[in-house]
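1. coordinates only, sequence not included:
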């Protein structure tokens, strides 16, 4: 499955820790990330990550285009709900796109853990039928 990961600057360490904790599960899938997040995940986990541009340079649009092509099976987007920064990836655009195309999305650690554990159990196999 294709798993997309994005993290705003203040959440990048959380994303690194998440990917490190679930490295065994993530290693069985294709990871896609905006530029800096992808590089940091690769450095910490040694997992292969397909990297888009940084979010502020169009990576969020590349990410959304992949969702619109139905090429993304799950998204984990750790964002900072307190800070609105136009240089950060656009949470509203990406969540709306996931909702439109029925792509499971997690925006916090609790939901991300539920999704990743469900993925390991095979709960998202319905995506292969879509």
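-> Received it, and whenever you're ready, just let me know what you need. Computed from a prediction, not measured in an experiment: that's the story for all the values here. Numbering: from 1, shown residues only.

2. now the lengthiest helix in the chain, how far from the chain's geometric center?
-> For the chain, the helix that runs over the most residues, judged by DSSP state H, is helix 109-121. Relative to the mean C-alpha coordinate of its chain, helix 109-121 is positioned 12 Å out (C-alpha atoms, centre = their mean, to the nearest Å).

3. can you pull the buried residues of it?
-> Neighbour-count burial for helix 109-121, with 16 or more other C-beta atoms under 10 Å as criterion, is recorded at 109, 112, 115-116, 119. Quick note: C-beta positions are derived from backbone N, CA and C, even for glycine.

4. Quick one: the strands in this protein, in order.
-> Assigned by DSSP state E, the chain shows strands spanning 2-7, 30-33, 49-51, 74-78, 105-106.

5. is it possible to export these to a markdown table including mean neighbour count, mean pLDDT and distance to residue 58?
-> Conversion of the strands of the chain to a markdown table gives the following (neighbours: other C-beta atoms under 10 Å; pLDDT from 0 to 100; distance: least, C-beta to C-beta, whole Å):
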| stretch | mean neighbour count | mean pLDDT | distance to residue 58 |
| --- | --- | --- | --- |
| strand 2-7 | 25 | 94 | 13 |
| strand 30-33 | 21 | 97 | 14 |
| strand 49-51 | 18 | 96 | 12 |
| strand 74-78 | 24 | 95 | 16 |
| strand 105-106 | 20 | 96 | 20 |
